[in-house]
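1. with the sequence up front, the predicted model follows.
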Amino acid sequence: MNLLANTSALLGKELRTEFRSRELLTTTIVFVLLVVVLFSFTFDPSATESRRFGPGLLWLAFLFAASLMLQSCFLREQNNDTLGALRLAVADPFAIFLAKLSANTLFLFLTELLMIPVFTVLYNVPLLAVLPQLALVLFLGSFGLAVTGTALSAVSAQARMRELMLPLLLLPLLTPLLIASTEATAALFDVKPALRWDWVAILAAFDVVFLTAVWLFGEYLLEE
Amino acid sequence: MTRIAVAALTVCALIGISTYAAFYVAPTEQTMGLVQRIFYLHAPCGMTALFAFFVSFIGCIGYLLKRESKWDWLAVASAETGMAFCTVVLLTGPIWAHPAWGVWWAWDARLTSTLVLWLLYISYLVLRNMVEDPNRRAQICAFYGIFAFLDVPLVYGSIWWWRTQHPQPVVFTSGGLDPTMRKVFYLSWFALMCLMALLICQRYQLEKTREEVEVLKREVENA
Amino acid sequence: MKNLGSVFAAYMIGWAVFFLFSVSIARRTRTLREEIERLNARLKDLVKQGK
């Protein structure tokens, strides 16, 4: 499985680059924290209100964080002119995408997991009981964010005003993901928590559709 | 030139006939009354917009596979035309909603999905202006065009399911269509599809002309 | 006949959008065709000078 070998090598590189400086991860976590705190000033943070608005604001915070964090994904390669070298190093350009989106999924998932205890404390919503189910929803959401965000990072890196273009391209596309993950999370935040398999299915469908699209058409984005 | 003039006149005639039918032939609906007639413009425009975006999707795939500019021209021509139809849906929606139900906007499944569709393709058109090199522009816009269209069923599906979970009293359907209404509906739809084809052709020609200018500019430089 | 104004407004706005779209394309096409004329004339001059 050449693809797997190439992907893990590139993934190793992505993770090593990030964990050397940890600047992307730290800034993203701080950003999400900031947004969550700021959002609390917009409604009365009682337990019932938090259950109602909490999931939405959490996922909006993740969406905004992702659309900022993912900009550097391909911009970094462009600035250092390493994309050509990457393309020569691997036979299948999908390996490059797979590595980057796996790394991004990991970073986003870590950020989201870290927000859960923060949210529990700030809003008095007990989430420990539903942690595994919540982790599933967070993972599927992160994956969807990473797949679309990584691909569109490659798109916006080749356009002008790229800092604004990535959110502009990404956010309308993420509407189904936002709805599905918010609804699934809201069901888990509820007084009687339950895992909504219908929304999980829509999340999974979103992930599969766009991963397939990147697999089929991604190589065209990386051409010189 | 004459062929286009004939086509344009035919489309105008079709539109005239379908508008007449919408006003005078279709019977008046029981609950909503006169204002329901907006349906004969609003609903077919929505379907035509989707079809135009589908043509754009084909153009995007065609460009990535064949690398011929004409596919890119088709992609942008049908995307812009789809946007025109989408805009009409979003403008006629509130004009229908307000007299019928007293609200300008109801987060009705179809109208909300159309709004997201509009935002998706506005981003596509903005992206087109952000890349100078024509080949690179065609390439990355083709990719985004494919992504955008793949999102469409997910958008419609998730918003519909979302609205089903949180039902709203205001609903944008026209109920069961009586046979005459159905005929007027299909006539309007046919007229609008012809209009769509005409506008796509016109916009396609613009892209083709733009390419001619670029070719000539290069020739002048080389001379 | 109430709400006739709304129905009229909707149809007028609809046709206006399509009409303006078509006119904008026609105007841009005309500008480009004028550009083509200009470039063709320039090309002819350059060829004449070259000879």
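-> Nice, thanks for sending it over.
2. just for the chain, where's the confidence low?
-> Just so you know, I chose chain A. For chain A, applying pLDDT under 70 flags the ranges A:1, A:224.
3. right idea, wrong chain: chain C
-> Along chain C, segments meeting pLDDT under 70 span C:1-2.
4. the same query, at a cut-off of 50, please.
-> By pLDDT under 50, chain C contains no weakly predicted segment.
5. what are the ranges of the helices in it?
-> Ranges of helices in chain C, per DSSP state H, are C:4-50.
6. ok, and the helix or strand in chain B with the lowest average confidence?
-> Counting by mean pLDDT, DSSP states H and E, the weakest-scoring helix or strand in chain B turns out to be helix B:2-20, with a mean of 91.
7. how far does it sit from the chain's center?
-> From the chain centre to the centre of helix B:2-20 is a distance of 19 Å (Cα atoms, centre = their mean, to the nearest Å).
8. got a list of contacts for it?
-> With contacts defined as Cβ atoms under 8 Å, 6 or more residues apart in numbering or on different chains, helix B:2-20 is touched by B:40, B:184, B:187-188, B:190-192, B:194-195, B:198, B:201-202, C:11, C:15. Every residue, glycine included, has its C-beta placed from N, CA and C.
9. turn those residues into TSV, columns for neighbour count and distance to residue A:96.
-> TSV is the format used below for the contacts of helix B:2-20 (neighbours: other Cβ atoms under 10 Å in any protein chain shown; distance: Cβ to Cβ, whole Å):
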residue	neighbour count	distance to residue A:96
B:40	28	51
B:184	24	54
B:187	21	52
B:188	26	49
B:190	13	47
B:191	25	48
B:192	28	44
B:194	19	45
B:195	23	44
B:198	19	43
B:201	13	40
B:202	19	41
C:11	20	52
C:15	15	49
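10. quick one, helices of the chain?
-> Defaulting to chain A. A:2-21, A:23-40, A:47-69, A:71-80, A:83-89, A:94-123, A:131-156, A:162-173, A:175-189, A:197-217.
11. not quite, I wanted chain B
-> Counting by DSSP H, chain B has these helices, from start to end: B:2-20, B:39-66, B:69-101, B:109-129, B:134-165, B:179-222.
12. which among the contacts of helix B:2-20 gets closest to residue A:222?
-> Nearest to residue A:222 among these, counting by Cβ to Cβ, is residue B:201 at 34.1 Å.
13. give the contact list for the closest one.
-> B:4, B:7, B:77.
14. and residue A:155, how far from residue A:168?
-> As judged by Cβ to Cβ, to the nearest Å, residue A:155 and residue A:168 stand 11 Å apart.
15. which of these two has more residues huddled nearby?
-> Neighbours were counted for residue A:155 and for residue A:168 using other Cβ atoms under 10 Å in any protein chain shown; residue A:155 has more, 23 against 20.
16. doesn't residue A:222 make contact with the more buried one?
-> No - Residue A:155 is not in contact with residue A:222 according to Cβ atoms under 8 Å; the separation is 11.0 Å.
17. contact residues of chain B facing chain A?
-> B:64, B:116, B:119-120, B:123, B:126-127, B:130-132, B:136, B:139-140, B:142-144, B:146-148, B:150-151, B:154-155, B:157-159, B:161-162, B:165 (Cβ under 8 Å from any Cβ of the partner chain).
18. filter these down to the buried ones, ChimeraX style.
-> Buried members of the residues of chain B next to chain A, defined by 16 or more other Cβ atoms under 10 Å in any protein chain shown, are picked up in ChimeraX with:
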select /B:64,116,119,120,123,127,130,131,139,140,142,143,144,146,147,148,150,151,154,155,157,158,159,161,162
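19. which parts of chain B sit against chain C?
-> So far as Cβ under 8 Å from any Cβ goes, chain B lies against chain C at B:15, B:19, B:22-23, B:33-35, B:37-38, B:41-42, B:45, B:80-81, B:84, B:87-88, B:91-92, B:95-96, B:98-99, B:195, B:199, B:202-203, B:205-206, B:209-210, B:212-213, B:216-217, B:219-220, B:223.
20. now residue A:109: closest residue in space that isn't a chain neighbour?
-> Excluding its sequence neighbours, the residue lying closest to residue A:109 (Cβ to Cβ, 6 or more residues apart in numbering or on different chains) is residue A:142, at 4.3 Å.
21. mind listing what the one you found touches?
-> So residue A:142 contacts A:62, A:105, A:108-109, A:112 (Cβ under 8 Å, 6+ apart).
22. show me which pair in the residues you listed is furthest apart.
-> Maximum pairwise distance among these (Cβ to Cβ): 12.2 Å, between A:62 and A:105.
23. next, show the common contact partners of those two.
-> A:142, A:145.
24. between the two, which is the more surrounded one?
-> residue A:62 (27 against 22).
25. thought the more buried one was touching residue A:109?
-> No - counting by Cβ under 8 Å, residue A:62 stays clear of residue A:109, with 10.1 Å between them.
26. ok so, going back, just the contacts of helix B:2-20 now: which is nearest chain A?
-> residue B:192 (24.6 Å; Cβ to the nearest Cβ).
27. residue B:91 and residue B:159, how far apart?
-> 20 Å.
28. quick revisit: now render the helices of chain A as a markdown table, adding distance to residue C:44.
-> Shown next, in a markdown table, are the helices of chain A (distance: least, Cβ to Cβ, whole Å):
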| stretch | distance to residue C:44 |
| --- | --- |
| helix A:2-21 | 56 |
| helix A:23-40 | 58 |
| helix A:47-69 | 52 |
| helix A:71-80 | 43 |
| helix A:83-89 | 43 |
| helix A:94-123 | 50 |
| helix A:131-156 | 42 |
| helix A:162-173 | 42 |
| helix A:175-189 | 54 |
| helix A:197-217 | 44 |
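29. among those helices, which is nearest residue C:20?
-> Using Cβ to Cβ, these put helix A:162-173 closest to residue C:20, at 24.3 Å.
30. dump the closest one to CSV, keeping only the CA atoms.
-> Extracted in CSV, the C-alpha atoms of helix A:162-173 (Å, rounded to 0.1, in the frame of the first residue of the first chain):
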residue,chain,number,x,y,z
ARG,A,162,-6.7,34.5,0.3
GLU,A,163,-7.2,35.3,4.0
LEU,A,164,-10.8,36.4,3.2
MET,A,165,-11.3,33.9,0.4
LEU,A,166,-11.0,30.7,2.5
PRO,A,167,-13.8,31.7,4.9
LEU,A,168,-15.9,33.0,2.0
LEU,A,169,-15.6,29.7,0.2
LEU,A,170,-15.7,27.4,3.2
LEU,A,171,-18.6,28.7,5.3
PRO,A,172,-21.5,28.3,2.9
LEU,A,173,-20.3,24.9,2.0
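31. can you list contacts of it?
-> Under Cβ under 8 Å, 6+ apart, the answer for helix A:162-173 is A:63-64, A:66-68, A:70-71, A:75, A:148-149, A:152-153, A:155-156, A:159, B:116, B:119-120, B:123, B:126-127, B:130, B:144, B:147-148, B:151.
32. kindly report the same for stretch A:72-81.
-> A:24, A:82-83, A:86, A:100, A:104, A:149-150, A:153-154, A:157, A:162.
33. same thing but 7 Å
-> A:24, A:83, A:86, A:100, A:104, A:150, A:153-154, A:157, A:162 (Cβ atoms under 7 Å, 6 or more residues apart in numbering or on different chains).
34. count the residues that sit near residue A:54.
-> Counted with other Cβ under 10 Å, the neighbours of residue A:54 add up to 25.
35. residue contacts, it?
-> A:119, A:123, A:125, A:189.
36. tell me how far the second one lies from chain C.
-> Read it as residue A:123. Per Cβ to the nearest Cβ, to the nearest Å, residue A:123 is found 45 Å from chain C.
37. thinking that residue is in contact with residue A:45, fair?
-> Yes - counting by Cβ atoms under 7 Å, residue A:45 is a contact partner of residue A:123 at 5.8 Å.
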